Each structure stands twice: as C-alpha cells, then as structure tokens.
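Student: fold the following, please.
(chains A, B, C and D)
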2 protein chains.
Amino acid sequence: MTTGLKLSNVHKAMLGETILFSGLNRDERNALLACATIVRYQMHNILFHQGERGEYFYCVLTGFARLYRLGGDNQEGDIRICEPGDSFAECLVTDGGDYRYGAQAMEHSILARFNLEQVRALIEHRPHIGIAIMRSLSQHLLSTIDCLASDRMQTAPQRVATYLLTHCKQEGLAAKMRLPFQKSLLARKLGLAPEALSRAFSSLRAAGVTVSGRSIEISNLNVLKTIPAITSRHAP
Amino acid sequence: MTTGLKLSNVHKAMLGETILFSGLNRDERNALLACATIVRYQMHNILFHQGERGEYFYCVLTGFARLYRLGGDNQEGDIRICEPGDSFAECLVTDGGDYRYGAQAMEHSILARFNLEQVRALIEHRPHIGIAIMRSLSQHLLSTIDCLASDRMQTAPQRVATYLLTHCKQEGLAAKMRLPFQKSLLARKLGLAPEALSRAFSSLRAAGVTVSGRSIEISNLNVLKTIPAITSRHAP
DNA sequence: GCTCCCACTTGATGCAGATCAACTTTCGCA
DNA sequence: TGCGAAAGTTGATCTGCATCAAGTGGGAGC
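Tutor: Predicted structure coming up:
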C-alpha cells in the first residue's frame, strides 16, 4: 500500500463525478476534498479489518474493493463489490466506532480516503455536505435491500439475468457487454459459488446468452427479461 | 386507517426516545415534530405500495410494520420488520422518488408520519437534523448488512440462536424472553418459511431452548453461543 | 509458438430449506 | 366455557445450490 498522497487534479475530477460530490458547490467540494488523501493498494491487499477502529471512509477511483463479513468457521461472506465511484464506510461518519466489515482490494486499486473526524466536524456547519453523505447512504441502503431481496427471491439464473440486463449496452433487440472483473468476483457479488455462476451462464445459453471469457452477447433482450418467469417455481 | 391526527404529548415523548431524535436539542426536536402527524392502521392494512410516489417517511410508535419487496410470480420477500422506535423510508428524504418497497401493518399500529418535503426543506439549514437522519440511515444500512451476511452464512438454527441471544433477558447462566410478535413474523424477519422456523426451534431443544407459545426459556446461554459452531458445515 | 498456471467448467454427491399435506394447538370471540 | 378459525407443528418429498473432484481452456511469459 502507498499511503497518504495528495490529490492530483485528475483525482479531484474523478471524485467530482461521484454521487458523494453531487449537489455540492465549488466551496463545499473543496472543503470535503481537504479531508481526503489518495491511497493505492495491490491486488488482495487488505484496506481494513472488520472490528478495527474506524478512522477513514473511502471512495474507489480505480480498481475494485470487496467488502466482507466474517462468520464462524473462518468463513467470509461478501457484502458488496465497490466499483470506481463507489464509497464505503461512510456509515461511521455520524457516530464513529469500529469497521463493521473488512475491505480488500481485488485489483491494483486507487482510492480516496476521507478522515472521519474531519468530515464529522465539517457537517456540523455544512448541511449540504451532510446531505451529500445522506444521499450516498440512502443509495447504499437501497442497493443492499435489492441484494437481500434478490437473495431471498431469485434463483441463480435470475440474478445473472438481472445483472446482465442492468449492465449491458443495448443494440436494437440484442446487446453486449464486457464484465468489468473476474467471474469469481461476480459470483461473490451475487452471493454464489463460482461453480453456480458457471452453471447459471450455461443455463442462460438457451435464452440466447453467449459467454466468451469476459465478453458476453445477448441475442434478444426480451427473451432475457422472461427468465425470471421461466425459471420461476410455478412455471406452466 | 385513521389519518393525519395531531401529536399528543405521549406521542412526542415516545418519539423523543427514538434514534431519529437522539442528539437533537429542544428547538430541533420541535422543528422535526412539526413535520409529523399521527396515523393508525389495522392489522394487515397497507401503509404504501412499492412503486407509489413517496410522500412521507414513518416512525413506528406501537405495533409492527413489515417492509417487503415484490418479485415475479406475485411473490413477496420481506426486507425488514419495524418495531416501535424504528423509522423507515427516510432514504427518500434527499432525492424523493417512489417507495422502493411496500409497507404493511402487522398488528393494530400507531405511527408518526413525516412529510418528506418539509423535512427536506428543514435539513437545508439545520445540520443536526440531517445528522440525526444520517444516523438512522447508517443504522439501517448496518442492520440490513447483518441480515444479508446472516442469510449468506448462517443456517436456520444459527439465525434463531443469534436472535435469541440478542433479545433475551439474562438471568445468570439462563435466560428467558417473550417473542414480541407471531412466530410467522419472526420467520419472515429471518428469511425462513414458518415450517423452517419451527424445525429450527425443535433442533435447538437439544441446546436447552424451551418454547411454549411466545415464551422461550434458555437453560444455558453458553451452550446457545456454541450453536454456530455445532451446526456449521465443517463440524467434527 | 509452446508451456505453465490459474481461472473456469463440468460432473457427482450431499444438504438445507421450500413446498405440500395432514394433524394439533392456540387464541379470539361469543 | 366452548366453538371455529388461525397459527403452529410434523412428516414426506423435491429443488437449488454448495461442495468436492476432475477436467478444460486461455492468457502471460519465455
């Protein structure tokens, strides 16, 4: 890990595009940027451990960060895969406390790291910065709810179909996309074993989904939209 | 449903105990209370539907509210069971939009209902009220993460054991508790079918858990704490 | 172009929990 | 107190996914 570098203008520009900085004026942005430094991690480096004292929250600029919970048996359960633009651990801004999950870089990654204490002081008199963080928290809550709901209601092929539908580039009736990361990471994101993801992809072949490495082609989006019905329990 | 009543002093006192109102001074509390009215619902009444335009967020005073997502097949997946003191749908404060889940009263329930627009206007110049909502959002995010992690890592008996350990009243090595609601609602909360909850309870009998209606007795808390290990995949 | 390694795939098996069905208990209410 | 409906339990079966194990393929490096 490379620690505590100053933000370049490129980094500032990248942060400007994130949800966290949306709705802030120039002055507010600068105030929030002043709480941040840049850190870099190699593949598989740990950013922080679950239970550690929380000192920073993070925003991914490049690469990916995996958030995970520890269970008994030394098992780990993935909570979320953070992509460029995503922030995490802002939930500690209000009350501090320990990190409630671990975070690990899943590629060579560059992140902005915000000092919790400083941000906490900032929002005392800067309502818009607080609102920006609320917006970010709200979205994480909603996407975690999405995740929970799909875990509880959808089968593996349904979850994969949903992922494809929400991430592919449409081209008429067809579509294509390139996975931004390894399939094993997608499997973690969807709460599946890698084998289950592989089987889900092969079951989607019948729905016109062609997979080759990270490249995926979908012959007919409408067919893919029916997967939830086809695979569902009470199919005709 | 009974709609739009003024808050009595009792209601105000109850709200004062909630996380939402923690850390607010008298003036801020009154400002937030001014956005609220009291509503009552009968068992099984719908508070709002998923997809409906969001107009209010809620705080449970008495009774229980069930939040759920719609899936294909007319199935519903439970997201969260809200108890007295819990608030929900505050995630719409920042940006508005539609309710992302449905809400239903699971008993005769009394709730405070906050006008989103009014609260949105309030936090523009009242950082502490914004921070109070952030605190509430942070806690919901963390508890939803708990839920997701336990869905992904724990078996039914493990989840029940965890619920008991976090809700019982300790009495030396033993403990007891009374379920605040029907078992079928607990099953929903834990993401289980009612039958699975029933079987989980009977498997916990071996660990000294005695269930009689809503009354539960635990003969030895330390034994219950080992359930996660006993039931785990790689048991000896 | 060849090879090694790692990601991925495929097959076989086992288990947790959903579902369906039948039965028992509890509780609301007259 | 007793009735009826709802809630909960128990058993049998089925399904989806994890796990283990053995292959296959493709990209980085020589």
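Student: which stretches in chain A count as strands?
Tutor: Remark: strands assigned in chain A by DSSP state E are A:2-5, A:36-41, A:46-48, A:56-62, A:65-70, A:76-82, A:87-88, A:102-105, A:109-115, A:169-171, A:174-178, A:209-212, A:215-218.
Student: centre-most residue in chain A?
Tutor: residue A:82 (2.6 Å; CA atoms, centre = their mean).
Student: neighbours around the nearest residue to it once chain neighbours are set aside, how many?
Tutor: The shortest distance from residue A:82 to any non-neighbouring residue, by CB to CB, 6 or more residues apart in numbering or on different chains, is to residue A:65 (4.3 Å). Every C-beta, even on glycine, is put in place using the N, C-alpha and C of the backbone. By other CB atoms under 10 Å in any protein chain shown, 25 other residues sit near residue A:65.
Student: in contact with residue A:65, which residues?
Tutor: A:47, A:58, A:81-82, A:86, A:88, A:103-106, A:109, A:111 (CB atoms under 8 Å, 6 or more residues apart in numbering or on different chains).
Student: closest to residue A:6 out of these?
Tutor: residue A:111 (14.2 Å; CB to CB).
Student: thought the closest one was touching residue A:41?
Tutor: Yes - Residue A:111 lies in contact with residue A:41 (CB atoms under 8 Å); the separation is 7.3 Å.
Student: which one of these two is surrounded by more residues?
Tutor: residue A:111 (28 against 22).
Student: show the model's pLDDT score for the more buried one.
Tutor: Predicted confidence (pLDDT) for residue A:111: 96.
Student: for it, give the beta-bridge partners.
Tutor: residue A:39, residue A:60 (DSSP bridges).
Student: list the contacts of it.
Tutor: A:38-41, A:47, A:58-61, A:63, A:65.
Student: how about the strands of chain A in TSV, adding distance to residue A:188?
Tutor: TSV is the format used below for these (distance: least, CB to CB, whole Å):
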stretch	distance to residue A:188
strand A:2-5	26
strand A:36-41	18
strand A:46-48	16
strand A:56-62	16
strand A:65-70	7
strand A:76-82	4
strand A:87-88	15
strand A:102-105	11
strand A:109-115	16
strand A:169-171	24
strand A:174-178	18
strand A:209-212	18
strand A:215-218	18
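Student: ok, of those, where does mean pLDDT dip lowest?
Tutor: Minimum mean pLDDT among the strands of chain A: strand A:2-5, a mean of 73.
Student: so which residues make contact with it?
Tutor: A:37-40.
Student: list the strands paired with that strand, with their directions.
Tutor: Applying DSSP bridges, one finds strand A:2-5 paired with strand A:36-41 (antiparallel).
Student: distance from the longest helix along chain A to the middle of the chain?
Tutor: The helix that spans the most residues within chain A, counting by DSSP state H, is helix A:127-153. Here the centre of helix A:127-153 is set off from its chain's centre by 11 Å, with CA atoms, centre = their mean, to the nearest Å.
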